[in-house]
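Novice: Need a 3D model of the following:
(chains A, B and C)
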Amino acid sequence: MIDPVVSGSAVVSARRPPLPRLLRALGRDRSGLLGLAIVGVAIIGAVGAGWLTPYADQGLGAPNVIEKLRPPSAAHLLGTDELGRDLLARILFGGRASLAMALAVVFMGVAIGVPTGAAAGYFGGWVDELLMRVTDIFLAFPPLLLAIVVATALGPGFASATVALGITWWPWYARLARSQAASLRDRPFVEAARVIGVRAPTILGRHVIPNLAGPIVVQATLDLSAVILVGSGLSFLGLGVQPPTPDWGTMVNAGRIYFLGFPWYATFPGLTIVLVSVGFVLLGDGLRRAFELRPSDLAR
Amino acid sequence: MNDALLEVDELRVAFAHHGGAVEAVRGASFRLGRGEILGLVGETGSGKTLTGLALLRLVPPPGRVTARRLVFDGLELLSLAPAALRATRGARISMIFQDPATSLNPVFTVGAQLDAVLAAHTRLGRRERCVRAVERLAEVGLPDPERILRLYPHQLSGGMQQRVMIALALAGDPELLVADEPTTALDVTIQAQILDLLRRLRAERGLSIILISHHLGVVSQTCDRVALMYAGSIVEEGPVSRVLGAPSHPYTRSLLGSIVTGQRRKQPLAVLPGFGPAPGSLPPGCAFAPRCPVAIERCRIETPRLVAVNGRSVACWLAETDASNGSAQ
Amino acid sequence: MTEPVLRVTGLVKEYRSGRGAPVRAVAGVDLTVVRASTLAVVGESGCGKTTLARCVIGAVAPTAGRIEFAGRDLVGLRGAALRAVRARFGFVQQNPTAALDPMLRVREIVAEPLRTHSPLRGRALEMRIRELIDLVSLRPEVLEQRPPELSGGQAQRVAIARAIALGPELIVLDEPTSALDLSVQAQILNLLLDLQRRLSLTYVLISHDLDVVEHLGDEVAVMYLGRIVERADAGAMRTEARHPYTVALFSATPSVRADTHLERIVLRGDVPSPARIPTGCPFRSRCWLWERLGRPAVCAEREPDLNEGGNGHLVACHFADRVASGVALSPAPDPEPRPPAQ
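Specialist: Sure, this is the predicted structure:
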């Protein structure tokens, strides 16, 4: 008669299920929390822009020329631009383009890059060679030049900028996924799946990709920050979102001319770009630490 | 009147945890004589490794070490200043660990690592250090020591790496060596070589050894005395032949009954029911009571203390009462 | 005579390393395993036992030889045929927590072989999963947990449940208890024995632990540098070993047993690298018998074949009979005198 073994976690180094443990670890990380707060505010600001400012129409483009280039005041907390539009409203609505582009580009990067890299890393051999050469080709494209080319083809705007950035971004995820997948391939539980006779595509989807999610999530969060910067750069050059749609990059560009006399116009959107970017970086770093976190071995 | 090299009295190692401290070692007490080999045995969570680390004050933060007395050759270890502690570690008390591959620095040659230890703990000049290094490698049974000095750890086999680690540990001529599972990662025939080496070093140098292990067989063949740990405290301690030959504590008995010996082939082994103890949530009274086949009411209320019974020390109410009633074990 | 479940003939596995001769991890192994019995393969690191196991389960393709299982030669099977055969194997690995996908729940882990090979779905699948969990003496609550939440013993039970899920004919166990605590080892060994009796399972057990091998095994094969050097009944191995390496292995195994009267033999040196095997008998460089017999030349000239060594043993040694005549079975004094008791 076998003694029934009680199930339960009477284990010395107990580790809890992925998500709650992650959130708990993140919760103890002050800079990570700060990042999360900044990002949260940015998202709320962008989504709820319509409710958060009385100048929603100006935010979307309606001019108010009487009040052009007013400095920050009680009525207009961050001042107005050259068409008299409230700057705070413009920044809030501008967040939509920036965040949407960041999310779209990173999503494209992950959706194309991760399966490609995972397949290359897991199968190795000629599959790896082929996929990695393709990846190398895309890696060689300079983002800016590509953005110009795509803009010429599709006309400048949100879509062309997003496509261009997406094309240049996915190779990084492919590389990351590839190295993770290659190390996962020989792990005991993956070998166990092969021995059971699970087909390779199923192994990739069920065992390999979920287990490389950690570094990918961290990288994606950090990339959101980078895309905001690059996307703003593209808009600054006129290749991204076009006026009158509000966008932080275009605002910095427009405010450039007025900088000497009316510094707030370029400064506040610029500061927003930096702040939100930093927010994503802090969050990404916090997530990275949370994934690496291990409970201290209490007793041995 | 024997003069113990090491006296440990009520050693405790606690870790700060949100909501209080968790004690991983709860009042361990034992003595070690000169030239003696003491085995410290326990399963995962017993606290044996932390006990070993505590002796060298190597317990990582947030762990805190306290003791009523922790005396090495008359020196109270817990009140040593940092400089004195550094002078003691390696020179008077040394430690070797389980996996030699991770304990040796992969970017330095064996010679460089030996030289560093010798430079730290002796006043020898460069050439003399080289000579001493060769002597140490030969002492641990490594053939062609001059050649090995120039090799990197990854170029050596597991057994040779472990010997190098022992040589490093002995470079400063310590009196006490704490060996934490030194042979667990090694093949059986290599393990036999290393254990033989330890015994030879004891005979030739008068080295005292604390051998931490989970393997009763290793301890039985190598050690003079053994202390069994469970849930952070010592439950039985005494000469190997007595403790392992005629155990008094129910845990010792269960453990001996459940190890595979190949003697009762294909027969079910006696199994300890339940789970190992979780340091943060120990029951009141004796930590072993929930799994003990002979626990009485008192066991669940009062924690037993180590008392001398039948030529060894046991922490068990039943063993104590049996002894005072005069029944032989 | 019972039909063997597995028959391995002339198995060779070579690895090519850039320069020089290829290294033979397995150098010509013959094995048979009888139904509902346990064949234990024992040896130290580098002996090739793990490679042998992985060849048998098809994780590694052998360089030469035949592996006959369920009437078919496994070597050279591909695709659907190979997958179909895999349904009839179970595999239990050494490190239980590493052998289970940390992102999946126990339920999904145990379900995987069933989803891959059986038509069971829905309620029928659920019932089978619960049945398996119960067979390994785990409570149903464990189904919702993930591997990092399980203890070593629980994780190994889950791995065993997964291995028996399809009712396999053969289970390969690679050091199933070495990563576990002493008391948990006993539980798992009991479970393995119980399951073998109940389900008529056939085991191939890979281990370096002679006690486990003696306890679980019916037949034992000792490997050294890719070859089998001795093969015998498990019960007779300890006292009637014929190969000097086997004798040394038993002598080196530390034991609490008071009845061990084997002479203490400590082998010198390390296992030679498989890339540079001694000429003639591969064990020669560490063989205590060779030393004792005055280093006979034949040991350097000719590799011994695996022959009948009397009493049913197969031994690969030119002087196996010298071992049997009691050379190693004398009580020996302890070479290291202990200090007087305090």
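Novice: After whichever strand or helix holds B:Arg202, which helix or strand is next?
Specialist: Using DSSP states H and E, B:Arg202 sits within helix B:188-205. Per DSSP H and E, the first helix or strand lying C-terminal to helix B:188-205 is strand B:208-213.
Novice: For the residue nearest the centre of chain C, which three-state class applies?
Specialist: Taking Cα atoms, centre = their mean, the centroid of chain C lies closest to C:Ile206, which sits 1.4 Å from it. Here C:Ile206 is recorded as strand under DSSP: H, G, I helix; E, B strand; the rest coil.
Novice: Check the gap between it and chain A for me.
Specialist: C:Ile206 is 14 Å from chain A, where distance means Cβ to the nearest Cβ, to the nearest Å. In this view, the C-beta of every residue, glycine as well, is placed from N, C-alpha and C.
Novice: Might you report the residue contacts of that residue?
Specialist: Contacts of C:Ile206 were listed using Cβ atoms under 8 Å, 6 or more residues apart in numbering or on different chains, and they are C:40-41, C:49-50, C:52-53, C:172-175.
Novice: Beta-bridge partners for it, please?
Specialist: Counting by DSSP bridges, C:Ile206 is bridged to C:Val41, C:Asp174.
Novice: Strands along the stretch 151-300 of chain B, start to end?
Specialist: In the stretch 151-300 of chain B, the segments counted as strands under DSSP state E, counting those that start in this stretch are B:176-180, B:208-213, B:225-230, B:233-239.
Novice: Identify whichever of those strands lies nearest to B:Thr321.
Specialist: Closest to B:Thr321 of these, according to Cβ to Cβ: strand B:233-239, at 15.8 Å.
Novice: List the strands paired with the closest one, with their directions.
Specialist: The strands beside strand B:233-239 in its sheet (DSSP bridges) come out as strand B:225-230 (antiparallel), strand B:312-314 (antiparallel).
Novice: Now do the helix holding B:Arg202 against strand B:208-213, angle only.
Specialist: Here helix B:188-205 points in a direction 160 degrees away from that of strand B:208-213 (axes from the mean of the first three to the mean of the last three Cα atoms, to 10 degrees).
Novice: do helix B:188-205 and chain C meet?
Specialist: Yes - contact of helix B:188-205 with chain C (Cβ under 8 Å from any Cβ of the partner chain) involves B:188-193, B:195-196, B:199-200, B:202-203.
Novice: Work out the gap between that helix and the centre of the chain.
Specialist: Distance of helix B:188-205 from the chain centroid (Cα atoms, centre = their mean, to the nearest Å) equals 16 Å.
Novice: Minimum distance to chain C, which residue of the stretch 51-200 of chain A gives it?
Specialist: Nearest residue of the stretch 51-200 of chain A to chain C (Cβ to the nearest Cβ) works out as A:Gly197 at 3.6 Å.
Novice: What residues does the stretch 51-200 of chain B have near chain C?
Specialist: With Cβ under 8 Å from any Cβ as the criterion, the stretch 51-200 of chain B meets chain C at residues B:143, B:157-160, B:187-193, B:195-196, B:199-200.
Novice: what do you get if the cut-off is 10 Å, keeping everything else the same?
Specialist: Within the stretch 51-200 of chain B, the positions adjacent to chain C are B:141, B:143, B:156-160, B:183-193, B:195-200 by Cβ under 10 Å from any Cβ of the partner chain.
Novice: Tell me the pLDDT of residue 20.
Specialist: Using chain A. Note on A:Pro20: pLDDT of 65.
Novice: if you could check chain B rather than the one you did, that'd help
Specialist: 78.
Novice: and the most centrally placed residue in chain B, bridged to which residues?
Specialist: In chain B, the residue lying closest to the centroid (Cα atoms, centre = their mean) is B:Ile212, at 2.8 Å. Applying DSSP bridges to B:Ile212 gives these bridge partners: B:Leu40, B:Asp180.
Novice: per-residue confidence for it?
Specialist: Note on B:Ile212: pLDDT of 95.
Novice: Just to check, it is in contact with B:Gln98?
Specialist: Yes - using Cβ atoms under 10 Å, B:Ile212 makes contact with B:Gln98 at a distance of 9.0 Å.
Novice: Out of the strands of the stretch 151-300 of chain B, which is the most enclosed?
Specialist: Most buried of those, by mean neighbour count (mean count of other Cβ atoms under 10 Å in any protein chain shown): strand B:225-230, with a mean of 27.
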